[in-house]
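Peer 1: Test case, fold it:
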Amino acid sequence: MIVDRAELNHPDIPMIGNCEVIQSYVYLGSTISNTETWTVRLKDRRRIDALEMWCWRRLLRIPWTAFRTNVLTLEELKVKERLSSTVQRRILKFLGHITRNKHSMERLVVQGNVEGKWSRGRSPTRWTDIIKATTQTSIVQCSRNAEDRDKWRRIAGAAVGKEKEPSSTTTTLSRVND
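Peer 2: You can find the predicted model right below:
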């Protein structure tokens, strides 16, 4: 579906309709496709949130020179969940999915170890590091919890729900998210 700019700017279309168009294009579109496999650092979360705010401000026609906080913009649009929180939730859902599938290659990759030497220097941030930091438990404990779907949904919802907005975060995950 291609939407014409004149249709979006038409005064008869309520703001809620425009929000749904933005969410369908941005949230479900190519912006967050395959985010389940991303290693999202704090810097990446800030960029995702910046993209989201840019889209909302364009929708409301707020110029970049206007002194208006992100909180006021989100309250005006009644946004329930930030885009970066959606990405984190999808990552945790994917871990639950691959953990419950006993014979999957993804499970072997996440839970297995590779033989050989480690490279020198600081190790890169891994996908499992992001999960451990989000849930604040070990990956083994996350895998055990993910075996029970209902329990994992509660844990993942609580982990994503308790996060603060990345721009104001003073998180203990600084080593993981650098």
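
Peer 1: What is the burial count for I22?
Peer 2: 18 (other C-beta atoms under 10 Å). To be clear about C-beta, it is placed using only N, CA and C from the backbone, and glycine gets the same treatment.

Peer 1: Can you name the helix or strand that it falls in?
Peer 2: helix 15-22 (DSSP states H and E).

Peer 1: and for stretch 129-143, what are the contacting residues?
Peer 2: 39-41, 88, 91-92, 95, 99, 110-111, 128, 145, 155-156, 159-160, 163, 173, 176-177 (C-beta atoms under 8 Å, 6 or more residues apart in numbering).

Peer 1: From T39, how far out is the most centrally placed residue in the chain?
Peer 2: Nearest residue to the geometric centre of the chain (C-alpha atoms, centre = their mean): V87, 2.0 Å. V87 sits 11 Å away from T39 when distances are taken as C-beta to C-beta, to the nearest Å.

Peer 1: if I pick L60, what's in contact with it?
Peer 2: Contacts of L60 (C-beta under 8 Å, 6+ apart): 73, 76-77.

Peer 1: F67 now?
Peer 2: So F67 contacts nothing (C-beta under 8 Å, 6+ apart).

Peer 1: Could I get the pLDDT score of it?
Peer 2: F67 carries a pLDDT value of 90.

Peer 1: so it, which of the three states?
Peer 2: Secondary structure state of F67, per DSSP: H, G, I helix; E, B strand; the rest coil, is coil.

Peer 1: Tell me how far it lies from T73.
Peer 2: Counting by C-beta to C-beta - F67 and T73 are separated by 12 Å.

Peer 1: what's the overlap in contacts for those two?
Peer 2: By C-beta under 8 Å, 6+ apart, no residue touches both F67 and T73.
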